[in-house]
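Peer 1: I'll drop the sequence and a predicted model, then ask my questions.
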Amino acid sequence: MAPQYSFLLFTLLTTISLSFHGTSGVKYVVINEAPTHGGGIRFEKEIGGAAFTTKLMGQVNEFIWKLYKQNSPAERRAVDTVTVYIKDFDGGEAVTWGGDKINVSAIYLRDYKGPKDLKWEFTSLMHHEMTHVFQWTGEWTCPIPVVEGFADYTILRAHYYLETAAQPGQGDKWDQGYDFTARFLEYCDTLVPDFTTKFNNMMRKTYQVSYFQNLTGKPVEQLWKDYKAKYAGKKAVEG
Ligand SMILES: *[C@@H]1O[C@H](CO)[C@@H](O)[C@H](O)[C@H]1NC(C)=O
Ligand SMILES: *[C@@H]1O[C@H](CO)[C@@H](O)[C@H](O)[C@H]1NC(C)=O
Ligand SMILES: [Zn+2]
């Protein structure tokens, strides 16, 4: 009995996991591989651990399908299970890999300091990473910074966007990535309703930069010039 007991104890200390079947049919699994690490402890105490995260994943998943107007399974990426690992690794906040798995850095969770609380920050991060699971990338013909722009666009639309992130009109080029590209996509939405949603869904098989022209009638370079011009006056006032 003793060896069995210590094995159980060992298991409890090395991973804490939970799975949850959403109403969507997708299964959400959370594995905290670092429960004794400072980040793994904060994940349990401040974020709410696997119980909170599996529910959050379901909500974010529904939000993404709604935002990108993917109402039926035929319009969605076929995903059976999304797994989140809380893991002790150095190299950024999180990485989405294998199409349906997200590794969140325990170091990042441990060291995170404001301006929002950790639960807010984690919720924002999950909008970004879950977008990587469900977005179209033209089978990876879409440039990575643009892929990242779509992931940050989801954060923007979910209102989990930091005030310190890019504001409308900021950036040097449209495909700078992340928050800069997200703001540019948001601008394109003002020209063509659901521009970003349509663009995402056009990328199911291939990406073409000319999709900007398909949707708006203007090439992306012209759109970027128009975008910068629109906010140039406002910036001058601020400066
Ligand atoms: C993510 O974590 C899992 C579980 O520890 C590991 O097997 C995998 O190699 C990691 N992937 C990346 C890209 O770091
Ligand atoms: C975009 O427009 C071009 C030129 O009119 C057309 O050939 C192409 O099929 C369009 N692509 C999409 C995805 O609508
Ligand atoms: Zn990303």
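Peer 2: Done, it's in. Numbers count the residues shown, from 1 in each chain. Ligands and ions are numbered 1, 2, ... in the order given.

Peer 1: For Ala94, name its beta-bridge partners.
Peer 2: Val104 (DSSP bridges).

Peer 1: For burial, what's the neighbour tally of it?
Peer 2: 23 (other Cβ atoms under 10 Å). Every residue, glycine included, has its C-beta placed from N, CA and C.

Peer 1: Contact partners for Thr83?
Peer 2: Thr83 makes contact with Tyr28, Val29, Val30, Ile31, Asp100, Lys101, Ile102 under the criterion Cβ atoms under 8 Å, 6 or more residues apart in numbering.

Peer 1: Can you tell me which of those is closest to ligand 3?
Peer 2: Ligand 3 has its nearest neighbour among those in Ile102, at 10.0 Å by Cβ to the ion.

Peer 1: So which bits of this protein are right by ligand 3?
Peer 2: The chain comes close to ligand 3 at residues Glu148, Ala151, as judged by Cβ under 5 Å from the ion.

Peer 1: Domains in the chain, by residue range?
Peer 2: 1-134, 139-233 (automatic domain parsing).

Peer 1: Ranked by average pLDDT, which of these falls at the bottom?
Peer 2: Sorting these by mean pLDDT places domain 1-134 lowest, at a mean of 89.

Peer 1: where do the helices sit along this protein?
Peer 2: Here the chain has its helices, by DSSP state H, at 2-14, 38-42, 49-67, 106-111, 118-134, 144-158, 178-191, 195-202, 211-216, 220-238.

Peer 1: Just the closest of the contacts of Thr83 to Ala232, please.
Peer 2: Ile102 (38.5 Å; Cβ to Cβ).

Peer 1: Tell me how far that closest one lies from Ile31.
Peer 2: 11 Å (Cβ to Cβ, to the nearest Å).

Peer 1: re the thing from before, pick the one among the contacts of Thr83 closest to Asn214.
Peer 2: Using Cβ to Cβ, those come closest to Asn214 at Asp100, 29.7 Å.

Peer 1: quick one: contacts for that closest one?
Peer 2: Val79, Asp80, Thr81, Val82, Thr83, Val133.

Peer 1: Can you show me the CA trace of stretch 48-55 as PDB?
Peer 2: Extracted C-alpha coordinates of stretch 48-55, given in PDB (Å, rounded to 0.1, in the frame of the first residue of the first chain):
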ATOM      1  CA  GLY A  48      -8.500  29.600 -10.600                       C
ATOM      2  CA  GLY A  49      -6.600  26.700 -12.000                       C
ATOM      3  CA  ALA A  50      -8.000  24.100 -14.400                       C
ATOM      4  CA  ALA A  51     -11.600  24.600 -13.200                       C
ATOM      5  CA  PHE A  52     -11.600  28.200 -14.300                       C
ATOM      6  CA  THR A  53      -9.500  27.600 -17.400                       C
ATOM      7  CA  THR A  54     -11.600  24.800 -19.000                       C
ATOM      8  CA  LYS A  55     -14.700  27.000 -18.600                       C
END
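
Peer 1: Which residues of the chain lie near ligand 1?
Peer 2: Glu33, Tyr85, Lys87, Val95, Trp97, Asn103 (Cβ under 6 Å from any ligand atom).

Peer 1: Right, I'll call it a day here.
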